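>>> Sequence plus the predicted model coming up.
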Amino acid sequence: MELKINQQIKQFNAESLSIQSLLDLEIPNKQNGIAVAINNTVVPKINWSQHFVSETDEILIISATQGG
């Protein structure tokens, strides 16, 4: 499966991936303080395990940062 994540094309050895599965592969140790948008729509964290991505989706993973 080929996915476009944060404007980069990445390959995955899976026929289907939920958002949670994708995050477990991409950022297994840093899943607090992030948001995920699929096709410009934020998907609530509670839905990550049930929401599956497709190759036509534009996926954006946003990480919260501190600053002032």
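Looks like it arrived, so ask away.

>>> Find the nearest non-adjacent residue to residue 9, please.
residue 2 (6.1 Å; C-beta to C-beta, 6 or more residues apart in numbering). For the C-beta atoms, the positions are set from N, CA and C on the backbone; glycine is no exception.

>>> With residue 53 instead?
Closest to residue 53 by C-beta to C-beta, 6+ apart is residue 17, at 5.6 Å.

>>> One more: residue 3?
residue 10 (5.6 Å).

>>> The one you found: what's it in contact with?
Applying C-beta atoms under 8 Å, 6 or more residues apart in numbering, we find residue 10 in contact with 2-4, 26.

>>> and the residues you listed, which are buried?
3, 26 (16 or more other C-beta atoms under 10 Å).

>>> from the contacts of residue 10, which single one is nearest residue 46?
Proximity of the contacts of residue 10 to residue 46 (C-beta to C-beta) peaks at residue 26, which lies at 19.4 Å.

>>> thinking the closest one is in contact with residue 53, fair?
No - if you go by C-beta atoms under 8 Å, residue 26 and residue 53 don't touch, sitting 11.5 Å apart.

>>> ok so, going back, which strand or helix spans the residue nearest to residue 3?
strand 8-11 (DSSP states H and E).

>>> quick one on the thing from earlier: the residue nearest to residue 9 pairs with what?
residue 11 (DSSP bridges).

>>> What confidence value was assigned to it?
pLDDT recorded at residue 2 is 91.

>>> just residue 68 next, same as before
Residue 68 carries a pLDDT score of 58 in this model.
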